[in-house]
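Student: sequence and predicted model, in that order:
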Amino acid sequence: MRKPFICGNWKMNKTWNEAVDFLGDFLPRLQGVDGGKVQVGIGAPFISLERMATTAKGSILEIGAENCFWEEKGAFTGEIAPNMIKAAGSTFVIIGHSERRQYFGETNETINKKLVALLKHGLVGVVCIGETLAQREADQAEAVVKDHITGSLKGIAADDLKNVVLAYEPVWAIGTGKTASPAQAQEIHAFARKTLSDLYGAAIADATRILYGGSMNPANVKELMACPDVDGGLIGGAALKPDDFEKLVKFNQ
Ligand code: PGA
């Protein structure tokens, strides 16, 4: 069975002390949440990672980064390597977010290099995939999703898939308040799983989690999570508010 993963993506929000304030409010709300039944994470700016991981120690909350570089060390001014993220207490890295594709020139190739690098350090890669509105309107959603999966996972061994989570985020639904309908989400999630099955076989495809992202909120989480191939959420706006994020984490209560 795939354990649901409710993962915040804070993007470029909150100073580290605002992050610690958030945790002061949010962590007590996790008491009684069974970490065996749901995995909870927050992807946060690099500068907050260490303090957040220290603050969250002993709780079920995991902390992760929103990006990394693919080299181990060296003359790459301004970049952050996976081993630094790991040393700061993080367990996962979100890579290939559409904002990074759009504003920072990320491609399948750079995402793939990042995935290879972070897997080497025992981190989990949350790999974002998904089409733009223009691509959906041109009937290319499946082709784009297939291209993102095959490109990002190129050369990744089957055994490493246990440390890979996919996040389907239709770009037209991110931060817009427009959510994919459960039927639209399920259709692409099933297609993504079939793509995984073609690449790695049914057992690995069945075991790999595929999160939905794009305006997930307390009002729509239940119906999205009821889709058989939706295994969690990658949540931007609603993860910035303790009340909303608590409701998302407790979607099945
Ligand atoms: P949103 O962002 O929940 O604010 O739409 C999701 C994401 O970009 O990961």
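Tutor: The structure has been received and is ready for your questions. Numbers count the residues shown, from 1 in each chain.
Student: where do the helices sit along this structure?
Tutor: Assigned by DSSP state H, the chain shows helices spanning 16-26, 46-56, 82-87, 98-104, 108-120, 133-137, 141-152, 182-200, 202-207, 221-225, 242-249.
Student: quick one: the most far-flung residue of the chain relative to its centre from the ligand, how far?
Tutor: Ranked by distance from the centre of the chain (Cα atoms, centre = their mean), the top residue is residue 75, with 28.5 Å. Residue 75 sits 31 Å away from the ligand, going by Cβ to the nearest ligand atom, to the nearest Å. C-betas here are computed from N, CA, C, even on glycine.
Student: for the helices of the chain, give me CSV that also has mean neighbour count, distance to residue 232 and mean pLDDT.
Tutor: As requested, the helices of the chain are exported to CSV (neighbours: other Cβ atoms under 10 Å; distance: least, Cβ to Cβ, whole Å; pLDDT from 0 to 100):
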stretch, mean neighbour count, distance to residue 232, mean pLDDT
helix 16-26, 17, 18, 98
helix 46-56, 19, 18, 98
helix 82-87, 20, 21, 98
helix 98-104, 15, 18, 97
helix 108-120, 20, 19, 98
helix 133-137, 14, 22, 93
helix 141-152, 19, 17, 98
helix 182-200, 18, 11, 98
helix 202-207, 14, 14, 98
helix 221-225, 19, 8, 97
helix 242-249, 19, 10, 98
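Student: and of those, who's closest to residue 159?
Tutor: Nearest to residue 159, of all the helices of the chain, is helix 202-207, at 9.2 Å by Cβ to Cβ.
Student: hey, C-alpha coordinates of that closest one in PDB?
Tutor: Taking C-alpha atoms only, helix 202-207 is exported to PDB below (Å, rounded to 0.1, in the frame of the first residue of the first chain):
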ATOM      1  CA  ALA A 202       3.800  -3.000 -12.600                       C
ATOM      2  CA  ALA A 203       5.200  -3.700  -9.100                       C
ATOM      3  CA  ILE A 204       7.300  -0.500  -9.000                       C
ATOM      4  CA  ALA A 205       4.600   1.600 -10.600                       C
ATOM      5  CA  ASP A 206       2.100   0.300  -8.000                       C
ATOM      6  CA  ALA A 207       4.500   1.200  -5.200                       C
END
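Student: what helices and strands are in contact with it?
Tutor: With contacts taken as 3 or more Cβ pairs under 8 Å, 6 or more residues apart in numbering; DSSP states H and E, helix 202-207 sits against helix 182-200.
Student: residues in the stretch 101-250 of the chain within reach of the ligand, list them.
Tutor: By the rule Cβ under 6 Å from any ligand atom, the part of the stretch 101-250 of the chain lying against the ligand is 169, 174, 175, 213, 214, 215, 216, 234, 235, 236, 237, 238.
Student: do that again at 5 Å, thanks
Tutor: 174, 175, 213, 214, 215, 234, 235, 236, 237 (Cβ under 5 Å from any ligand atom).
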